[in-house]
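Colleague: curious how this folds, go ahead:
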Amino acid sequence: MAAVPFRTRLRDLYEGPAPASDRFRYVLLAIDLMTVTWLVASSFLPRGGHTTTIDLAIGLVFLADFLARLWIARKPMRDLAGFWGIADILVILSLVVPIWGEGLAFLRVLRLYRVIHSPRTLEQLRADIPGFRRNEMTIRAAMNLLIFIFATTALVYQTQAGPNSGINNYVDALYFTVATLSTTGFGDVTLEGNSGKLLSVAIMIVGISLFLRLVQVILRPSKAQFACPTCGLRRHDHDAVHCKACGTILNIPDDGTD
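Modeller: Numbering: from 1, shown residues only. Have a look, this model is predicted:
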């Protein structure tokens, strides 16, 4: 019996349906979550050899993951030149060769968006978590808003910590981000310079749009996500028997709960 090539085994880990593949992808998601946790926690610590060592270790893990995904990709050059490929390269460089200090650290948060919204991860969450399957649109809208808040908080901290006396750690940056996003605008913390004003405007415009999207999804009646085999319509009532667009008989999976 011929041995399975290593590239095939690695592709199965990243993309396959086996339980081992599911556990592997959950480990990658856990690593990204721990990285974001460290990103926040490190803002309260003085920079030194220990923080540099941890950043280097994280960078090497990201590098190994990036090279593995590039090796198994069907179109590696497209992935390399794409937005997520460039973002990964910048994150790895900021960790392994920190010539910008922590200047690109906010991009680490964007990895969560890519991982959580990948088709394979979504399929896995639908299969493993009934609550996710029933409330997918609401959960995804909430995750988009939370990821935006964390990414923006990291960007505010990286660009304002030091020159701005009101931004000393991630809590300060989070406080400003939420106050700006909610249009509360206490005014006790403001961003300096034209770039800071433009960033504040972007937070309000993009953040409020995401917040309104979340509210819209919460208030809208819950729908089942299931692609009609004939017309492709994906949103149906949970108890639908026929597609309301074309009349095709549907077979929507149901876990038996109300």
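
Colleague: for residue 249, what are phi and psi?
Modeller: phi -70, psi 130 (degrees, to the nearest 10).

Colleague: count the neighbours of residue 77 for me.
Modeller: 10 (other CB atoms under 10 Å). Yep, even glycine has a C-beta here, placed from its N, CA and C like the rest.

Colleague: keeping just the C-alphas, turn the stretch of helix or strand it belongs to into CSV.
Modeller: Assigning secondary structure by DSSP states H and E places residue 77 in helix 76-81. Taking Å, rounded to 0.1, in the frame of the first residue of the first chain, the C-alpha atoms of helix 76-81 are listed here in CSV:
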residue,chain,number,x,y,z
PRO,A,76,-0.1,29.7,-4.4
MET,A,77,0.8,32.9,-6.3
ARG,A,78,-2.7,34.2,-6.1
ASP,A,79,-2.9,33.5,-2.4
LEU,A,80,0.5,35.1,-1.9
ALA,A,81,-0.4,38.3,-3.7
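
Colleague: continuing past that helix, what's the next helix or strand?
Modeller: Assigned by DSSP H and E, the successor of helix 76-81 is helix 83-96.

Colleague: ok, then the element right after that following helix?
Modeller: Immediately after helix 83-96, counting by DSSP H and E, sits helix 107-116.

Colleague: tell me the average confidence for that following helix?
Modeller: Averaged across helix 107-116, pLDDT comes to 73.

Colleague: what does that helix contact?
Modeller: 25, 28-29, 32-33, 35-36, 39, 62, 84, 87-88, 90-91, 94, 121-122, 143-144, 147, 150-151, 154 (CB atoms under 8 Å, 6 or more residues apart in numbering).

Colleague: need the next SSE after it, C-terminal direction.
Modeller: helix 119-128.

Colleague: residues touching that next one, excluding its own?
Modeller: 14, 15, 22, 25, 26, 29, 115, 116, 132, 133, 136.

Colleague: gap between it and the chain center?
Modeller: 15 Å (CA atoms, centre = their mean, to the nearest Å).

Colleague: okay, buried residues for the next helix or strand after it please.
Modeller: Counting by DSSP H and E, the next helix or strand C-terminal to helix 119-128 is helix 130-134. Buried residues in helix 130-134, defined by neighbour count with 16 or more other CB atoms under 10 Å: 132, 133, 134.

Colleague: per-residue pLDDT, the second one?
Modeller: Per-residue confidence (pLDDT) for residue 133: 75.

Colleague: that one - nearest residue in space that isn't next to it in sequence?
Modeller: Distances taken as CB to CB, 6 or more residues apart in numbering place residue 126 nearest to residue 133, at 4.6 Å, with adjacent residues excluded.

Colleague: all helices of this structure, in order?
Modeller: Ranges of helices within the chain are 6-15, 19-41, 49-72, 76-81, 83-96, 107-116, 119-128, 130-134, 136-160, 170-181, 193-219, based on DSSP state H.

Colleague: and the third one with helix 107-116, angle?
Modeller: By that I understand helix 49-72. 40 degrees (axes from the mean of the first three to the mean of the last three CA atoms, to 10 degrees).

Colleague: what packs against helix 49-72?
Modeller: helix 6-15, helix 19-41, helix 76-81, helix 83-96 (3 or more CB pairs under 8 Å, 6 or more residues apart in numbering; DSSP states H and E).

Colleague: not counting it itself, show me its contacts.
Modeller: By CB under 8 Å, 6+ apart, helix 49-72 touches 7, 10-11, 14-15, 28, 31, 35, 38, 42, 45, 76, 79-80, 85, 88-89, 91-92, 94-96, 98, 111.

Colleague: kind regards, and thank you for your time.
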